[in-house]
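In: below: sequence and its predicted model.
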Amino acid sequence: MYILIIAILALAVAGVILYNRLIRSRNRVDTAWSDIDVQLQRRYDLIPNLVKAVDQYASYERATLEAVTELRAQAKRVTDVEQRGRVEAELGAGIQRLLALAENYPDLKANENFLNLQNELVETEDYLQFARRYFNGSVRDYNTMTETVPSRFIASAFGFEPRVYFQKSSDDVAHVPMVNLGSVE
């Protein structure tokens, strides 16, 4: 009789421990997403200023300016992590095109306001990359807990659902340039 009671208590304690670990892991994912969201908002706040700075020098590049503005608005509307990752990848490419326009306009390249915006965007992209890595690592750990035994039983009993990674589009991987180094002898 005592053995049965001890076994039931041990299972209950193990269940509570696993449940608490799942909660901590889920909270870590939510916090990591919040970090990404902060960096994305910082990027969104910089884009109108960048568009305005480029527009003063390259107003006939209207299509690029409008595309970046529309992608910014679209990215702010999307709530699904997977879709948002795709839109953010497009927005990042649009920002790169916008920054590349500066190469055609020496006055723009020399503009202090533009250079400051460019530096802030580079810094933001770096922070965003770190936040994305942390988020994806947190999602990996959380998903591992929800898929492995014995925590899987607790996760399914209490409705812990797997999370989606926030990553750039798989198209980006497909467009990595191949370098032909020739034959190595």
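Out: Alright, I've got the coordinates. Numbering: from 1, shown residues only.
In: any idea which helix or strand comes after the lengthiest helix in the chain?
Out: If you go by DSSP state H, the chain has its longest helix at helix 2-57. Going down the chain from helix 2-57, the next helix or strand is helix 62-77, by DSSP states H and E.
In: for the next helix or strand after that next one, output the C-alpha coordinates as PDB.
Out: Using DSSP H and E, the helix or strand that follows helix 62-77 in sequence is helix 81-101. The C-alpha trace of helix 81-101 is given here as PDB (Å, rounded to 0.1, in the frame of the first residue of the first chain):
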ATOM      1  CA  VAL A  81       5.000  33.600 -37.800                       C
ATOM      2  CA  GLU A  82       5.700  31.600 -40.900                       C
ATOM      3  CA  GLN A  83       4.100  34.100 -43.300                       C
ATOM      4  CA  ARG A  84       5.700  37.000 -41.400                       C
ATOM      5  CA  GLY A  85       9.100  35.400 -42.000                       C
ATOM      6  CA  ARG A  86       8.500  35.300 -45.700                       C
ATOM      7  CA  VAL A  87       7.300  39.000 -45.800                       C
ATOM      8  CA  GLU A  88      10.200  40.100 -43.600                       C
ATOM      9  CA  ALA A  89      12.700  38.300 -46.000                       C
ATOM     10  CA  GLU A  90      11.200  40.300 -48.900                       C
ATOM     11  CA  LEU A  91      11.300  43.500 -46.900                       C
ATOM     12  CA  GLY A  92      15.000  42.900 -46.100                       C
ATOM     13  CA  ALA A  93      15.700  42.400 -49.800                       C
ATOM     14  CA  GLY A  94      13.800  45.600 -50.600                       C
ATOM     15  CA  ILE A  95      15.800  47.500 -48.000                       C
ATOM     16  CA  GLN A  96      19.000  46.100 -49.500                       C
ATOM     17  CA  ARG A  97      17.800  47.400 -53.000                       C
ATOM     18  CA  LEU A  98      17.100  50.700 -51.500                       C
ATOM     19  CA  LEU A  99      20.500  51.000 -49.900                       C
ATOM     20  CA  ALA A 100      22.100  49.900 -53.200                       C
ATOM     21  CA  LEU A 101      20.500  52.900 -54.900                       C
END
